[in-house]
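Participant: coordinates only, sequence not included:
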C-alpha cells in the first residue's frame, strides 16, 4: 500500500528537518517547524475522517501547515480564494458540509454562515511541543479525495474540483521530472494556493520537499524583494504576474536576478512582448511553458530548450497522460486541424463535489478506449480548443464557450488578444462581444495602457494596428479603456464583468 499524503509529508519533513521550508518576508520555518505546526493543527481540529475543512486565506506558513494537519485527521482540505465574497464561502461550506472554516486573522465571520461551523484563524493552533508523538491517523491515500479546489465561478456557481490523493502525489513527481527540478531548488510562488497552479507549488513543498518563497508584500514589488532577499531558483507564474513584473512599477531591472534558473508559466499563453521581456530580464533562465486545468492537475509541458523556437506551443503530454484533439464527429483531428482537447490518463479528477450532472458534462468515457473486456476509464473533455502540429506539439486556441462569430466567420478572442498585445502599445487586453443585428457578434476590445500612456493617441495607434494585422471580421468595433482589467478571486480576467461593460454598463469607450 502506498503512503498516505500525511505519511509522505511526515517522511519529507523528517528527512529535511533542518532545511528551510517556507520563507515569507522576515518570517520563516524549517521542515521540522512545519511538521510541528501541522501536528498542532491535527490536535486542534475536531473533525473525523472524510470530513471537510474549508480554507479561505492568503498564502502563508499557517495555511501551509494546516493542510497536512487536515490530512493527518483523514479529512479533506477545501480551497476557496481569500478574496472570495461571503456568498462563495457559504456555498463552499454548504455544498461540502464542512465542519470548519479556516481564515486569515481578523476576518469577520461570513454573513449567513451556519452557527455550527467552527471559525478558526490560521494563527489559532499552537505547534506541537518538541518530542510530542505525531498523529498516526488514517490520512488520505489512494483514490480517497485529497483536496477540493473551488473554481472561480465565472459561469454559474463555483464548482468543487475533487482530486484523489494518489493523483496529487503522482502529480508532484511527474511535474518535477518533466520540468527538471533539482535537489536544492527553491520555488518562488506568487500564485494563491487556492488557485490550481499555486496549489501545485504548495504540494511540491509538502510532498516533494521543494522549499517555497512567498512574496511579501504581494505583487511585483514583493516579488522583487523576495528574489533579492531569498535567492530562489524557480519562478512559478502566470501571464498576469509576469506582465505586472515588467510594467515598470517594480525595481526588477535594478536587482540581482541571477539566482533564477527556471521560469514556469501556465494559465494561458504568454503574450509575445511579455515573453520577450522575460527572456531579456532573465537571459540565463530557461522558460517552461505548461498547460493544464484544475480538473487535470497538469496536462502538457514544452521542453525548455524548445521554448524559444515554439513559443506558441505548450508542448507534449506529461508522463502518464495522453492528449487528443477531437473533431465534432468524435474522430481524432489530424495535425493542423482544430478540435476539443481531451485529457486521458494520469491527473483525471474524480468529479465536482456533489455535482453529478456537471461532472458528467466534463468527465466522460475515454472515446479512444479499445479494450472490450474492461469499461472505458474517464477522460476530461476540457472545453479548450487547439491543434497539434506534425511533431505532436499542442497549441491552445482558447475556450470553446468563448468562440465568436463575426460577419459570419468564427473567430477566437484569444487570437485577437494576442495580436493586440503583440503591438507593444498595451499593458493588458481582453476581448468580448455583444450581439449586433448585422455583424452577429460585435467585437469589443477592453484594454489598459502602460503608465503615462495618452488614451487618444493610443486608440489611434491601436486602430491602425488592428487594420494592419487583422482580417476585417477580427477587428474590434468598440474599444473600452480601463486603468486595469477586473479580475476574479483567482486572479483571472473577469470576463463576465467585461461583458457587462461591453453591453454599455460603464467604461470609457473609443
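Facilitator: Sure thing, it's come through. Quick caveat: nothing in here was measured; it's all calculated off a predicted structure.

Participant: so where is the stretch 301-450 of the chain shaky, pLDDT-wise?
Facilitator: Along the stretch 301-450 of the chain, segments meeting pLDDT under 70 span 408-409.

Participant: Let me see the ranges of the helices in it.
Facilitator: Remark: helices assigned in the stretch 301-450 of the chain by DSSP state H, counting those that start in this stretch are 356-362, 413-422.

Participant: Please tabulate those in a markdown table and include distance to residue 62 as additional columns.
Facilitator: Using the backbone N, CA and C atoms, a C-beta is placed for each residue, glycine as well. Compiled in a markdown table, these are given as follows (distance: least, C-beta to C-beta, whole Å):
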| stretch | distance to residue 62 |
| --- | --- |
| helix 356-362 | 32 |
| helix 413-422 | 37 |
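
Participant: out of these, nearest to residue 468?
Facilitator: helix 413-422 (9.8 Å; C-beta to C-beta).

Participant: so residue 289 touches residue 270, yeah?
Facilitator: Yes. The pair residue 289 and residue 270 passes the contact test of C-beta atoms under 8 Å, sitting 7.2 Å apart.

Participant: which neighbours do these two share?
Facilitator: Residues touching both residue 289 and residue 270 (C-beta atoms under 8 Å, 6 or more residues apart in numbering): residue 311.

Participant: if you compare the helices of the stretch 301-450 of the chain, which one is most tucked away?
Facilitator: Highest mean neighbour count among the helices of the stretch 301-450 of the chain (mean count of other C-beta atoms under 10 Å): helix 413-422, with a mean of 21.

Participant: can you list the residues that contact it?
Facilitator: Around helix 413-422, the neighbours that count as contacts under C-beta under 8 Å, 6+ apart are 268-269, 271-274, 396-399, 402-404, 426, 429-433, 443, 445, 447, 462, 465-466, 469-470, 474, 476.

Participant: buried subset of these?
Facilitator: 268-269, 271-274, 396-398, 402-404, 426, 429-433, 443, 445, 447, 462, 465-466, 470, 474, 476 (16 or more other C-beta atoms under 10 Å).

Participant: quick one: the helices in this structure?
Facilitator: Listed in chain order, the helices of the chain (DSSP state H) span 5-15, 31-44, 61-72, 86-96, 165-179, 196-206, 220-230, 239-246, 272-281, 356-362, 413-422, 455-469, 495-502.

Participant: Isn't residue 358 up against residue 160?
Facilitator: No. Counting by C-beta under 8 Å, residue 358 does not reach residue 160; the two are 10.1 Å apart.

Participant: where do the contact lists of the two overlap?
Facilitator: The contact lists of residue 358 and residue 160 share residue 352, where a contact means C-beta under 8 Å, 6+ apart.

Participant: distance from the centroid: which residue in this structure tops it?
Facilitator: In the chain, the greatest distance from the average C-alpha position (C-alpha atoms, centre = their mean) is reached by residue 438, at 38.1 Å.

Participant: State the distance from that one to residue 406.
Facilitator: 11 Å (C-beta to C-beta, to the nearest Å).

Participant: Quick one: neighbours of residue 277, just the number.
Facilitator: 19 (other C-beta atoms under 10 Å).

Participant: Could you pull up the contacting residues of the closest residue to it other than its chain neighbours?
Facilitator: Closest residue in space to residue 277, ignoring its immediate chain neighbours: residue 246 at 4.3 Å, by C-beta to C-beta, 6 or more residues apart in numbering. If a contact means C-beta under 8 Å, 6+ apart, then residue 246 has 252, 274, 277-278, 281 as its contacts.

Participant: Low-confidence stretches in the stretch 1-150 of the chain?
Facilitator: Along the stretch 1-150 of the chain, the model assigns pLDDT under 70 to residues 1, 137-138.

Participant: same thing but 80
Facilitator: Along the stretch 1-150 of the chain, segments meeting pLDDT under 80 span 1-2, 129-140.

Participant: Beta-bridge partners for the nearest residue to residue 382 once chain neighbours are set aside, please?
Facilitator: Take residue 382 and drop its neighbours on the chain: the residue closest to it by C-beta to C-beta, 6+ apart is residue 341, 4.7 Å away. Per DSSP bridges, residues listed as beta-bridge partners of residue 341: residue 325.

Participant: didn't residue 341 look like it was pressed against residue 379?
Facilitator: No. Using C-beta under 8 Å, residue 341 is not in contact with residue 379, being 10.5 Å away.

Participant: Compare these two (neighbour count), which wins?
Facilitator: residue 341 (30 against 23).

Participant: That one: what's it in contact with?
Facilitator: Residue 341 sits in contact with 299, 323-326, 382, 384-386, 394, 396, where contact means C-beta under 8 Å, 6+ apart.

Participant: can you pick the most crowded of the residues you listed?
Facilitator: Neighbour counts for these were taken using other C-beta under 10 Å; the highest belongs to residue 299, with 29 neighbours.

Participant: Got phi/psi on it?
Facilitator: phi -110, psi -50 (degrees, to the nearest 10).

Participant: any idea how far residue 20 is from residue 61?
Facilitator: 11 Å.

Participant: Find residues that contact each of those two.
Facilitator: Contact criterion C-beta under 8 Å, 6+ apart; residues shared by residue 20 and residue 61: residue 29.

Participant: Neighbour count: those two, which is higher?
Facilitator: Regarding residue 20 and residue 61, a neighbour count based on other C-beta under 10 Å identifies residue 61 as having more, with 21 against 17.

Participant: so that one touches residue 25, yeah?
Facilitator: No. The criterion here is C-beta under 8 Å, and residue 61 misses it with residue 25 at 10.8 Å.

Participant: How about residue 193, nearest residue that isn't a chain neighbour?
Facilitator: Excluding its sequence neighbours, the residue lying closest to residue 193 (C-beta to C-beta, 6+ apart) is residue 202, at 4.8 Å.
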